[in-house]
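Enquirer: 3D model of this:
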Amino acid sequence: MEMARLRPTDAVLVQAAAGGVGTAAVQLAKAFGCTVYGTAGADGKLGVLKRLGTDAAINYRTTDFEWKFAV
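Expert: Next up, the predicted model:
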């Protein structure tokens, strides 16, 4: 977070957010006050992402999210 100079007003995209490192990244970014978008490759994992606090949970296999969430 320090190296990225993350600010509470930033939006963060966490790829593979339902995995071990991804879940930690989601929780840290949310605790810092960021808007967090998380991706997963299965619909079953999207609920996990919502429970972790993502503002949007995206299945990257079924959703073309590049243009929808451009900041």
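Enquirer: So which elements touch the longest strand seen in the chain?
Expert: Looking across the chain with DSSP state E, the single longest strand is strand 35-40. Contact here means 3 or more CB pairs under 8 Å, 6 or more residues apart in numbering; DSSP states H and E; on that basis strand 35-40 packs against strand 11-14, helix 20-32, helix 43-52, strand 56-59. Yep, even glycine has a C-beta here, placed from its N, CA and C like the rest.
Enquirer: The same query, at a cut-off of 6 Å, please.
Expert: Judged by 3 or more CB pairs under 6 Å, 6 or more residues apart in numbering; DSSP states H and E, strand 35-40 is in contact with strand 11-14, helix 20-32, strand 56-59.
Enquirer: Tell me, how many residues neighbour the residue nearest to K30 when sequence neighbours are not counted?
Expert: Distance criterion CB to CB, 6 or more residues apart in numbering; nearest residue to K30, sequence neighbours excluded, is G53 at 4.1 Å. When neighbours are defined as other CB atoms under 10 Å, G53 has 13 of them.
Enquirer: try A25
Expert: 21.
Enquirer: separation between it and A17?
Expert: Going from A25 to A17 by CB to CB, to the nearest Å gives 7 Å.
Enquirer: which residues touch Q15?
Expert: T39 (CB atoms under 6 Å, 6 or more residues apart in numbering).
Enquirer: can you put the helices and strands packed on strand 35-40 in a markdown table and add mean pLDDT and distance to G44?
Expert: Rendered in a markdown table, the data for these read as follows (pLDDT from 0 to 100; distance: least, CB to CB, whole Å):
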| stretch | mean pLDDT | distance to G44 |
| --- | --- | --- |
| strand 11-14 | 94 | 17 |
| helix 20-32 | 96 | 15 |
| strand 56-59 | 95 | 10 |
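Enquirer: Need those in JSON lines (columns: distance to G41).
Expert: Listed next are the helices and strands packed on strand 35-40 as JSON lines, based on distance: least, CB to CB, whole Å:
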{"stretch": "strand 11-14", "distance to G41": "13"}
{"stretch": "helix 20-32", "distance to G41": "11"}
{"stretch": "strand 56-59", "distance to G41": "7"}
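Enquirer: quick one, which of these is nearest to A42?
Expert: Counting by CB to CB, A42 lies closest to strand 56-59 out of the helices and strands packed on strand 35-40; the figure is 6.9 Å.
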